[in-house]
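Participant: Provided below for reference: sequence and predicted model.
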Amino acid sequence: MAHQRPTRAYLAVPAHRTRLVAKAAASMADAVFMDLEDAVPPSEKSLALGEAVQALAALDWGNKRVTVRINAVDSPFITEEIRALAALPRLDALIVPKAERMSDIVAIADQLRAGAGERAVPVALELLIETALGLVNVDALAACHDSVAALHLGVGDFAASIGARSSDIGVSPDGYRHVGSAQSGYAAAPLDLFAYPMMRLLVAARARGLIAIDGPCGAFRDARLTESSAQKAAAMGFDGKQVIHPDQIEPTLRAFMPTAAELEQARRIVEAMEQAEANGQGAVTLDGKMIDYANVRMARRIIALGS
């Protein structure tokens, strides 16, 4: 991956809530996005933009990745938002909501470059995939411009886009389950509504060397659900997960950190392979299993995550 800073817990905060923005800057989150879109009512849009500009200039963000979610491409606010944000030195990226069409992303990227001022590198773009059309186009969107740095999955709007019968963000509907035959006693197994969109987005991100961020768990006061949701994303290979409340930061960070047992096993795999190489071998048996270079690549990623 080209990025250096972790993005495990990616905290969302309404840009017009000054006190919350200051808390986000001081939090343990790896990344923060100040929201100008869904979390801000229309009457507060101008205030939110001004507060985001001020926060980027005045707050100590430490080593966080700091981004701003702008309004949708067809909104009356986006032109002014790009103009106000394009040259700010502390801004790492803009998150584009409801990314669907490559031409829209290229146009935003061109505007950012035109307004970059003295920035050595123009503001990057992170695309929020949250509609059926966005997911259909995700491969092309990931490749449409060299300023695209990340893909996020918008779980709530995506569920609405496909007509899923659920009112909970990031959780599969209770009725989405596989039911067996009468001979099985109609045994039911729950299914994961987000398995397919998560994997499709992840593969598109990895194919282009981009950061992959899963959408949030809406039950922000449920630590168990928060952590289990993050564990799923981490196990799949995502780089992080959006969180919508500070209480979700710690369990999300914990989910993305390898356990001591995982780190120990990964180190044993690398050491075993290094010994095999010294003996002129390309594979070795460890704990009754064949280990080759694919295992080593997976093990080294686990070690890197724990460092």
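Facilitator: All right, it came through fine.
Participant: Which residue ranges of the stretch 1-150 of the chain form helices?
Facilitator: Applying DSSP state H, counting those that start in this stretch to the stretch 1-150 of the chain gives helices spanning 18-26, 45-58, 78-85, 102-114, 132-136, 138-143.
Participant: mean confidence score for the shortest one?
Facilitator: Taken as a whole, helix 132-136 carries a mean pLDDT of 98.
Participant: residues of it that come out buried?
Facilitator: Neighbour counts over helix 132-136 (16 or more other Cβ atoms under 10 Å) mark Gly134, Leu135 as buried. Every C-beta, even on glycine, is put in place using the N, C-alpha and C of the backbone.
Participant: got it, and the third one?
Facilitator: Buried residues in helix 78-85, counted by 16+ other Cβ under 10 Å: Ile78, Glu81, Ile82, Leu85.
Participant: how near is the last one to Leu94?
Facilitator: Noted for Leu85: a distance of 7 Å to Leu94, by Cβ to Cβ, to the nearest Å.
Participant: shared neighbours, those two?
Facilitator: Common contact partners of Leu85 and Leu94 (Cβ atoms under 8 Å, 6 or more residues apart in numbering): Val68, Ile70, Val123.
Participant: measure stretch 167-175 end to end?
Facilitator: One end of stretch 167-175 to the other measures 12 Å (Cα to Cα, to the nearest Å).
Participant: Using JSON lines, lay out the shared contacts of Leu85 and Leu94 together with neighbour count.
Facilitator: What follows is these, written out as JSON lines (neighbours: other Cβ atoms under 10 Å):
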{"residue": "Val68", "neighbour count": "27"}
{"residue": "Ile70", "neighbour count": "24"}
{"residue": "Val123", "neighbour count": "26"}
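Participant: you'd agree Asp214 is up against Met198?
Facilitator: Yes. Contact status for Asp214 versus Met198: in contact at 6.4 Å, counting by Cβ atoms under 8 Å.
Participant: Closest to the centroid, which residue in this protein?
Facilitator: For the chain, Ile213 is the residue whose C-alpha lies nearest the centre (Cα atoms, centre = their mean; 1.3 Å).
Participant: tell me the pLDDT at Gln4?
Facilitator: For Gln4, the predicted pLDDT is 64.
Participant: and if you look at Arg17?
Facilitator: pLDDT, read off for Arg17, is 97.
Participant: what about it, neighbour count?
Facilitator: Neighbourhood size, Arg17 [other Cβ atoms under 10 Å]: 18.
Participant: going forward can the numbers begin at 8, since that is how I track them
Facilitator: Got it, the first residue is 8 from now on, which makes the last one we talked about Arg24.
Participant: Please tell me how far it sits from Asn78.
Facilitator: 17 Å.
Participant: hmm, back to that, just tell me which of the helices of the stretch 8-157 of the chain ends up closest to Val186.
Facilitator: Of all those, helix 139-143 sits nearest to Val186, with 25.6 Å by Cβ to Cβ.
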